[in-house]
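Visitor: Fold the following and give me the result.
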Amino acid sequence: MNPVVRIYHNARCSKSRAACALAREQGYELEVVEYLKSPPSRSELAELVRKLGVPASAIVRKGEDIYKSDYQGRQLDEDQWLDALATHPILIERPIVVRGARAVVARPPERVLELLGD
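Guide: Numbers count the residues shown, from 1 in each chain. Down below sits the predicted model:
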């Protein structure tokens, strides 16, 4: 049996729904985290960016109104970005798929296959 894959998911997002479908098609059981309803803690976010291998600023959705009003043009350090993501989970890029010690932002959704092939 394939291991469980965790997906930080927004059901309103077509890319997120597609990533879920791809993982299920590959036979994976999903642990779905609806991060807008149950936001990850700051420490969970720090662990996510570590698994992604990117700075927190790389998973910020820059098209969101809260980004434009509160963060656009500001120079924030890693801790400040983690605080912003924890305070405003709408800023978290989606979907983020985690398998073991690795994670990907599944944009495009086919990126989920990078985690599932090994």
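
Visitor: Output the below-cut-off pLDDT ranges for the chain.
Guide: 1-2, 118 (pLDDT under 70).

Visitor: tell me the centre residue of it?
Guide: Note on the chain: the residue nearest the mean C-alpha position is residue 96, at 2.9 Å, using Cα atoms, centre = their mean.

Visitor: Against residue 110, how distant is residue 78?
Guide: With the distance defined as Cβ to Cβ, to the nearest Å, residue 78 ends up 29 Å from residue 110. All C-beta atoms are positioned from the backbone trio N, CA, C, and that covers glycine.

Visitor: repeat for residue 91
Guide: Counting by Cβ to Cβ, the gap from residue 91 to residue 110 is 24 Å.

Visitor: Tell me which of the two has more neighbours.
Guide: residue 91 (21 against 11; other Cβ atoms under 10 Å).

Visitor: Would you mind confirming that the more buried one is in contact with residue 83?
Guide: No. In terms of Cβ atoms under 8 Å, residue 91 does not count as a neighbour of residue 83; the distance is 10.9 Å.

Visitor: what's the nearest residue to residue 95 if we skip its chain neighbours?
Guide: When the adjacent residues along the chain are set aside, residue 95 lies closest to residue 16, with 4.0 Å between them (Cβ to Cβ, 6 or more residues apart in numbering).

Visitor: and if you look at residue 39?
Guide: Counting by Cβ to Cβ, 6+ apart, residue 89 is the residue found nearest to residue 39 once chain neighbours are left out, at 3.9 Å.

Visitor: next one: residue 104
Guide: Looking at residue 104 with Cβ to Cβ, 6+ apart, the closest residue is residue 111, at 4.8 Å.
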